[in-house]
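Asker: model this:
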Amino acid sequence: MFTTDSIPIVNPTASDEEYSALWGVAGPAAKESLWLVHGLSRCWEDFSPIMADLTTWWHVHAYSHRGHGESARTPGAYRVCDYIPDLVNAVKEARKKCVLVGHSLGALVSMGVAAKLPDLVSAVVLLDPPGPGFLSRIETTPYGTIWAALRKHAGRKDTSAVAKELAELRVTTAHPGEITRLGDVRDATSLRFVARCLQDLDPNVFGPPLEKRWLDGFDVFAVANQVKCPALLVVADAERGGMLPPEDANPLAAALPDCSRVDLPGVGHLVHWQDTSATLRLLHGFLGSL
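Answerer: From the prediction side, this is the model:
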């Protein structure tokens, strides 16, 4: 059973504080701690497909980033480097060695925390982190259109209507000139989940990634080189919406000193939703090796 609690990060509104108040859950106590760190526009519930399975072995923590879910809003502070101190402080407060499992934005944040806390982070799992080359041309990818639409709908409470509108959103594919409905590449339950997350989302979170300021103050490859613990890098299929194409994946894998890389052909960016069994198999294999 999970208990909902406020993770002890204080002073969410103080302008001179570098930390933000986070809201999340913790599973049954176990010897080892594992933190689940979600991607842009989602919330801690994003890990529901894999969370219960992991609690068999791990003391699982999941939280919502600043600006997401019930966590504090921090307008003007939504770059990748702004999210990192929140988790740094939470891990320090927990006073327990841990593994970080991050998806997308959460993977970048997890990498940053692992670099800053080598004595507390024993391993890190990076599920399709967005590469710097990919983000530099975001307007040419489906996510330029998707993120702009999500920003428009952030705060709306009518989940069903938003899900239907998102399904009709026209987005580009990996093939130049080809357009498709978002509803043809994301199923109805996935879109409803996104629509529900949008109810509690600060639209300002999309400013930095859409304006190509997300990585300001965060050098992906330099940070990766500072991660001395074992790292599992899971690369989704760029043809299916993966955010880590080869020109980003190859140097990232090379920069991580102790990297186990696994590519998932045919699986898109939402790896833990689109192939839950493969995600769990990789997690158990990697975590069992520690």
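Asker: Per-residue pLDDT of Glu32, please?
Answerer: Glu32 carries a pLDDT value of 84.
Asker: so how many other residues sit close to the nearest residue to it once chain neighbours are set aside?
Answerer: Distances taken as CB to CB, 6 or more residues apart in numbering place Trp58 nearest to Glu32, at 5.4 Å, with adjacent residues excluded. Every residue, glycine included, has its C-beta placed from N, CA and C. By other CB atoms under 10 Å, the residues close to Trp58 number 22.
Asker: any low-confidence regions in the protein?
Answerer: 1-20, 27-31 (pLDDT under 70).
Asker: Scan it for its longest helix.
Answerer: helix 80-94 (DSSP state H).
Asker: do you know how far the residue lying closest to Ala167 once chain neighbours are set aside is from Leu135?
Answerer: Closest residue to Ala167 apart from its sequence neighbours, by CB to CB, 6+ apart: Gly183 at 3.1 Å. Distance of Gly183 to Leu135, given as CB to CB, to the nearest Å: 25 Å.
Asker: The two: which is more packed in?
Answerer: The neighbour comparison of Gly183 against Leu135 (other CB under 10 Å) goes to Leu135, with 22 against 16.
Asker: Quick check: the more buried one touching Pro209?
Answerer: Yes: between Leu135 and Pro209 a contact is recorded at 6.7 Å, counting by CB atoms under 8 Å.
Asker: my hunch is that Val262 is in a strand, does that hold up?
Answerer: Yes: using DSSP: H, G, I helix; E, B strand; the rest coil, the secondary structure at Val262 is a strand.
Asker: Report the beta-bridge partner residues of it.
Answerer: Per DSSP bridges, residues listed as beta-bridge partners of Val262: Val234.
Asker: That one and Leu290, how far apart?
Answerer: 16 Å.
Asker: ok, now Leu34?
Answerer: 11 Å.
Asker: repeat for Gln199
Answerer: Counting by CB to CB - Gln199 and Leu290 are separated by 37 Å.
Asker: okay, these two: which has more neighbours?
Answerer: Neighbours around Gln199 and Leu290, counted as other CB under 10 Å, are more numerous at Gln199. The numbers are 16 against 10.
Asker: Just confirm the more buried one contacts Gly155, I think it does.
Answerer: Yes: with contact defined as CB under 8 Å, Gln199 counts as touching Gly155 (7.0 Å).
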